[in-house]
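Asker: Need a 3D model of the following:
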Amino acid sequence: MHTAPTPERLSTILSAIKGRSIPVLADLVVDRYLYGVPKRISREAPVLILSFDRDWMVPGGGANTISNLQALGAKPVPAGIIGDDPPGRFLLDTFGDHGMDLSHLRVLSDAETLTKMRILAGPRSGVKQQVVRMDMERSFESGTVTLPALSEGDLLAVSDYGYNTVCPDAILKLRDRGIRVIVDSRYRLAQFPGVFAVTPNEEEACAFLGREFRTPEEALEGAEEIRGRLEAAVVLLTRGSEGMVLSVDGLNLAIPVFGSDQPADVTGAGDTVLAAFAAAMASGATPLEAATLANIAGGIVVMKLGTAVCTPAEIRKALGIHAG
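Answerer: Numbers count the residues shown, from 1 in each chain. Here you go, the predicted structure:
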């Protein structure tokens, strides 16, 4: 039986998230934003010259999933790799300021922290537009990150951006011990058979299946096929402005997009979905309840500029429940 959740039930789940410890194995990324005001065109080449305005960093990639879990009230335990550099120290300070256990963060002295640098230009008091993005990337040695102690029935959130922090063989050993692993993987779905849940976006799902979804019905069939081929309990397929598709035993359901289908910025929306879905599942929600909360959380963050998080207060407001 899969009953549509009431706002009151979803609010109860949000309350249950508070203080819940949730380990996260992740490719830890820093999103760095450099803002500038257009000054002139270079005389030597058709290059826009900006006057520096400000520099801003925010947790990105799997680090954004961790920030979203914290914003939802959970106690994430981050596990991943960073460099001994300003972006790495930024993540240490940010996570440390929230009282997170930092003992599973591996700091490499000879590596840069994964960083996505965006340069934005626009009027000093107006909206800035992204001009270019530059990524500082590398592939890590697989299997070098230690995880917190986990027992049968525990839940592990995995944010795999393809930088090799996540070792599929280690994940499969956790699966065999009865750990509920929820994986958001960038084009490596096939390497995580039998995990509890996967949360691919449509592009990744189509790449896995080798075909496009031309209709909503094909998306439903695709999610069910992914669940069958991976032997996963749950598939939560995100489809951008088309909403989500949830596939679980006895239910294949299209969930309409929450809020506007004209987002302001979709950066990091998948990270938020993974965080909200994992937090809810760890707090006693059914897959449908967790997917409903994840859909609302995703709909909220895409209306914010840049990498963003969502709070329980924002979700309750969206549900029409106001603090009393």
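
Asker: just for this protein, where's the confidence low?
Answerer: Along the chain, the parts satisfying pLDDT under 70 run over 1, 323-324.

Asker: ok, which stretches of it are helices?
Answerer: In the chain, the segments counted as helices under DSSP state H are 7-17, 62-71, 86-97, 168-176, 202-209, 216-230, 269-282, 287-301, 312-319.

Asker: what's around Gly270, how many residues?
Answerer: Using other CB atoms under 10 Å, the number of residues around Gly270 comes to 22. Placement of C-beta: from N, CA and C, glycine included.

Asker: residues contacting the residue most central in space within the chain?
Answerer: In the chain, the residue lying closest to the centroid (CA atoms, centre = their mean) is Asp271, at 1.0 Å. Neighbour list for Asp271: 60-62, 64-65, 68, 159, 184, 307 [criterion: CB atoms under 8 Å, 6 or more residues apart in numbering].

Asker: now do Gly153
Answerer: 178-180.

Asker: swap in Leu14?
Answerer: Applying CB under 8 Å, 6+ apart, one finds that Leu14 lies in contact with 72-73, 293, 312, 315-316.

Asker: which among these end up buried?
Answerer: With neighbours counted by 16 or more other CB atoms under 10 Å, the contacts of Leu14 contain buried members at 72-73, 293, 312, 315-316.

Asker: can I get those residues in TSV with distance to Tyr35?
Answerer: TSV is the format used below for the buried ones among the contacts of Leu14 (distance: CB to CB, whole Å):
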residue	distance to Tyr35
Leu72	28
Gly73	31
Leu293	33
Pro312	30
Ile315	30
Arg316	32
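
Asker: quick check, nearest of those to Pro287?
Answerer: Pro287 lies nearest to Leu293 out of those, by CB to CB, at 10.9 Å.

Asker: quick one: which of the helices of the chain is nearest Asp55?
Answerer: Asp55 lies closest to helix 86-97 among those, at 10.2 Å (CB to CB).

Asker: Now that closest one - C-alpha only, PDB.
Answerer: Presented in PDB, the C-alpha positions along helix 86-97 are these (Å, rounded to 0.1, in the frame of the first residue of the first chain):
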ATOM      1  CA  PRO A  86      42.300  27.200   0.900                       C
ATOM      2  CA  PRO A  87      39.200  25.400  -0.500                       C
ATOM      3  CA  GLY A  88      40.000  22.300   1.600                       C
ATOM      4  CA  ARG A  89      40.400  24.400   4.700                       C
ATOM      5  CA  PHE A  90      37.200  26.200   3.800                       C
ATOM      6  CA  LEU A  91      35.300  22.800   3.900                       C
ATOM      7  CA  LEU A  92      37.100  21.900   7.200                       C
ATOM      8  CA  ASP A  93      36.100  25.200   8.800                       C
ATOM      9  CA  THR A  94      32.500  25.000   7.400                       C
ATOM     10  CA  PHE A  95      31.900  21.500   8.600                       C
ATOM     11  CA  GLY A  96      33.700  22.100  11.900                       C
ATOM     12  CA  ASP A  97      31.600  25.100  12.600                       C
END
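
Asker: residues of that helix that come out buried?
Answerer: Along helix 86-97, these residues count as buried under the neighbour rule (16+ other CB under 10 Å): 87-88, 90-92, 94-95.

Asker: Now for Gln262: which residues touch it?
Answerer: Contacts of Gln262 by CB under 8 Å, 6+ apart are Ser241.

Asker: Relative to Ser283, how far out is the residue nearest to Ala285 when sequence neighbours are not counted?
Answerer: Leaving out its chain neighbours, the residue that sits closest to Ala285 by CB to CB, 6 or more residues apart in numbering is Ile13, at 4.9 Å. Distance check for Ile13 against Ser283: by CB to CB, to the nearest Å, it reads 6 Å.

Asker: ok, how many other residues are close to the nearest residue to Ala280 once chain neighbours are set aside?
Answerer: Spatial nearest neighbour of Ala280, excluding adjacent residues (CB to CB, 6+ apart): Ala290 at 3.6 Å. Ala290: 27 surrounding residues under other CB under 10 Å.

Asker: what does Pro23 give?
Answerer: 24.

Asker: so the residue nearest to Ala285 makes contact with Ala282?
Answerer: No - applying CB atoms under 8 Å, one finds Ile13 not in contact with Ala282, separated by 10.1 Å.

Asker: right, and Ala297 touches Leu274 too?
Answerer: No - look at Ala297 against Leu274 with CB under 8 Å: they stay out of range, at 10.0 Å.

Asker: Could you double-check that Ser85 lies in contact with Ser109?
Answerer: Quick fix: residue 85 is Asp, not Ser. No - Asp85 is beyond contact range of Ser109, at 9.4 Å (criterion: CB under 8 Å).

Asker: more neighbours, those two?
Answerer: Comparing Asp85 with Ser109 by neighbour count (other CB under 10 Å), the higher total belongs to Asp85, at 17 against 7.

Asker: I am finished for the moment; much appreciated.
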